[in-house]
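>>> 3D, please:
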Amino acid sequence: MFRSPIIEPNLGRFESPYRKAFLRSDALQAIFIIGLSNLGSLALIRSDFHSLGWTAGFQQFLAARLIVFLISMLAIYILATSPIPRSHDLAVSSYMVAGAFINIFINATAPPDYIAYIGVAIVLLNIYYFALYTPFTVRLSISILFSAAVIYQGLNSPFSQDTKTVIVGMHIVTNLIGSFISARLYTHRRLSFQAHAEE
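Sure, this is the predicted structure:
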């Protein structure tokens, strides 16, 4: 008889020791990833300016990038200073939502030929699934809602039908593979910690 797999089970009395054992390494990884992604985002300001010039559109892009940068710096501060797992989850989730927001916002306000964010969206999804730790339901929910918004924007854009098909396909495949592998990785880590603790 088929049994549905256990996904990131709560470890009961081992849950708190588990989170504390991995909190520092998860936080350091998140700080590195958030910092690196912000450097990439800020580096695109020059590309935005070359594409748009000093227009209202460019100023909106710049403001959105700076908002995300400030949210990211706050998240990094919390990750670096707070020993509380819930604070870690909140900081990482806030960054994930901010990253999704800027991608959706720029997609919505960019000129029709500005397609740079098609690829950026896929990079973000991979970061969400593999590089940042939050509970599985949080990772999955943010990623799926983000993909749904980007797919909707793509289908309602002036892109060719082939490009639209690629956008839909990339997001479906990335979410399927990302959620499956990410869940397995963190489930294995949890169960390994529990087995070691019980032993």
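
>>> For the residue positioned nearest the centre of the chain, give me its contacts.
The chain has Y128 as the residue nearest its centroid, 3.2 Å off, counting by C-alpha atoms, centre = their mean. Residues near Y128 by C-beta atoms under 8 Å, 6 or more residues apart in numbering: M96, R139, I142, S143, F146, G178. Backbone N, C-alpha and C define where each C-beta goes, glycine included.

>>> helix, strand or coil for I6?
coil (DSSP: H, G, I helix; E, B strand; the rest coil).

>>> Tell me who's in contact with it.
By C-beta under 8 Å, 6+ apart, the contact set of I6 is T187.

>>> Any regions of the chain where pLDDT drops low?
Scanning the chain for pLDDT under 70 picks out 1-5, 112-117.

>>> quick one, helices of it?
Taking DSSP state H as the test, the helices found in the chain are 15-52, 56-81, 85-109, 116-126, 136-155, 161-198.

>>> which one of the contacts of Y128 sits closest to N156?
Using C-beta to C-beta, the shortest approach to N156 within these belongs to F146, at 16.2 Å.

>>> any idea how far that closest one lies from F101?
9 Å (C-beta to C-beta, to the nearest Å).

>>> So which of the two has more stuff around it?
Neighbour count, other C-beta atoms under 10 Å: between F146 and F101, F146 has more, with 23 against 16.
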